Structure formats: C-alpha cells, structure tokens
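Visitor: My questions concern the predicted model and sequence given below.
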Amino acid sequence: ANVVLSVEPFLLAAYNSAEALSLLHILVVEDDENLANGIRYALEQEGWNVTVAQTLSEAMSAYERNSFDLILLDVMLPDGNGFELCKKIREHSNVPIVFLTARDEEVNVVMGLESGGDDYVAKPFRLRELISRIKANARKHNQSVMTQDIHRIKSCDIILRLTEVRVYKHGREVLVTPTEFRVLRTLMENPGVLMTREQILQRVWDIDGDYIDDNTLSVHIRRLREKLEDLPSQPKLITTVRNIGYRWSGDKE
C-alpha cells in the first residue's frame, strides 16, 4: 500500500530554512590574509561554501560571477572601502551584508548601516559570535523570502508585500534592506503597540541581545524614517517613546 505523508506547512518551512542554512555560499571581503583564512576555516567547518576576496576589485568581480547568500564585508580595503561595494550591491540586491569593523570605530558602524548593511560584528570578535550573527541574518532573510503569507500589510499608503519582501509608498517602491524590512514589518504588524527596543531586537535579529548595540537599531529606524516619513525630523509613522522603544502610529488596514 502506498503511504502518503502529510507535512504541516510550518514544519516544511522550518525544514527548508534549515536546509538553506546548511548550504550557504558566503563572500568574505577581508584584506588581512590571516584573518580571512581563519574566517574561511571556521565557516567551512559549518559546512558552508566560502569565497574570499582581499580587495574591492576582487570582491566586485566575485560578486558579479557568483550568487551569494550572505556577505561579510570589511570596511577598509587596499583599493577602496566596503561602503562603496555595499551601495553598489544595494542597487539591485537585498542579500544580507554584515560589516566587519574595529570596535572603536563607531562612525564606521553608522556609515556601514546607512550604506545598506544589515548588521556588523566588531573586531576582535569571537567566532561563536560571528557564526551566530551569520545564522541569524541568513535565517531571517530566508524566512522573509519563504513566507507563505499571501496577504500584504497596508497602513497610511505604506504597503509591505510579504512574499516579495518589498515596500511601497504611494504606489512607488521604496528600496529597503532585509533588516529594515524586518524592523518595519515588526512595527506595522503591531500598530499602536509600544515595542520596546529589546522586543524589536529579539524579533529582528533573533539572537543573544548582548551582541547587538542599541546604535544599530537607531540607525535602521532613522533610515526607515528618511525613506517613509514625509518629514523625517518630525516622524508621524514611527514614533519614539523616550528610553523605551518605538510605536507604529498608523492604522493597519
């Protein structure tokens, strides 16, 4: 007799997500050869395929020839900086980008996020932290792409198309990064509800909050306001509750 197995959609999605995480192809852009090789070794131990580039030109060439699931991007490179590559990639791709930056270079963190980066890891970092951040960003990206929710979220002429991972304002597409999309979705799914910074960090990054700097979330909120608010300096959609968090002030249709 034939046996037909029924798999619940959420279990299938979880399986597909886990399978996707096990097949990651990662581009590591790092000019320090020893560090790059150390990262390559650690990531290959996870079963991931790794391509290393040590210059901006090598990275751009590798990106044009291959399809990557995530990019680890150093800021300072011999022939340019990571911000340039990030901006070029963001013109036509929402692949997760995690910046590698020195711990005392806060300005680079901000510039990395504002150029379209999703996250950052400060040097020197623990390999466990790096791998955790890679998994979290890749998992969230996969969940966004694979979601089976055919419904859109609409509020105040802002539309989120969940299956397409796209945002529209007044009918025109607004380019956002995967992390910006997740932050916006978290807020728009809970209109009028005060979301603490901790709640947003947990939902968007889904990892140990000790790894996330408050400044990261602040930058993403500011970029979303610049893209969606009519007057970013006086936001009406994403409002701040001082020292607590944020609230989506528009009604959900």
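Guide: Thanks, I have the structure now. Numbering: from 1, shown residues only.

Visitor: looking only at pLDDT, what's the mean for the longest helix seen in the chain?
Guide: Counting residues, the longest helix in the chain under DSSP state H turns out to be helix 127-146. The pLDDT scores in helix 127-146 average 81.

Visitor: so what strands line up beside the helix or strand that comes right after it?
Guide: Past helix 127-146, further along toward the C-terminus, the next helix or strand under DSSP states H and E is strand 152-155. Sheet partners assigned to strand 152-155 using DSSP bridges are listed as strand 158-161 (antiparallel).

Visitor: if we can go back for a sec, now do the longest helix of the chain: which elements does it pack against?
Guide: If contacts are counted by 3 or more Cβ pairs under 8 Å, 6 or more residues apart in numbering; DSSP states H and E, helix 127-146 sits against helix 9-22, helix 33-45, strand 70-74, strand 97-102, strand 119-123, helix 178-188, helix 197-205. Where C-beta positions appear, they are placed from N, C-alpha and C, glycine not excepted.

Visitor: 6 Å - rerun?
Guide: Secondary-structure packing of helix 127-146 (3 or more Cβ pairs under 6 Å, 6 or more residues apart in numbering; DSSP states H and E): helix 9-22, strand 119-123.

Visitor: mean pLDDT for these: which is lowest?
Guide: Per-segment mean pLDDT for these reaches its minimum on helix 9-22, at a mean of 47.

Visitor: For the stretch 151-253 of the chain, give me the ranges with low pLDDT.
Guide: Scanning the stretch 151-253 of the chain for pLDDT under 70 picks out 206-214, 252-253.

Visitor: Repeat the analysis, applying 50 as the threshold.
Guide: 208-210 (pLDDT under 50).

Visitor: Contacts only, for Cys57.
Guide: Residue 57: Ser, not Cys. Neighbouring residues of Ser57 by Cβ atoms under 6 Å, 6 or more residues apart in numbering: Asp79.

Visitor: average model confidence for the host helix or strand of it?
Guide: In this structure, Ser57 is located in helix 56-65 according to DSSP H and E. Averaged across helix 56-65, pLDDT comes to 91.

Visitor: So which bits of that helix are buried?
Guide: Of the residues in helix 56-65, those with enough neighbours to count as buried (16 or more other Cβ atoms under 10 Å) are 56, 58-60, 62-63.

Visitor: how about CSV for these, with distance to Tyr168 added?
Guide: Shown next, in CSV, are these (distance: Cβ to Cβ, whole Å):
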residue, distance to Tyr168
Leu56, 33
Glu58, 36
Ala59, 31
Met60, 30
Ala62, 32
Tyr63, 27
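
Visitor: now, which of those residues sits nearest Ser233?
Guide: Closest approach to Ser233 among these (Cβ to Cβ): Leu56, at 34.2 Å.

Visitor: Look up which residues are beta-bridged to the closest residue to that closest one other than its chain neighbours.
Guide: Taking Cβ to Cβ, 6 or more residues apart in numbering as the measure, Leu56 lies nearest to Gly80, with 3.8 Å between them; neighbours along the chain are not counted. Legend: beta-bridge partners of Gly80 under DSSP bridges are Leu77.
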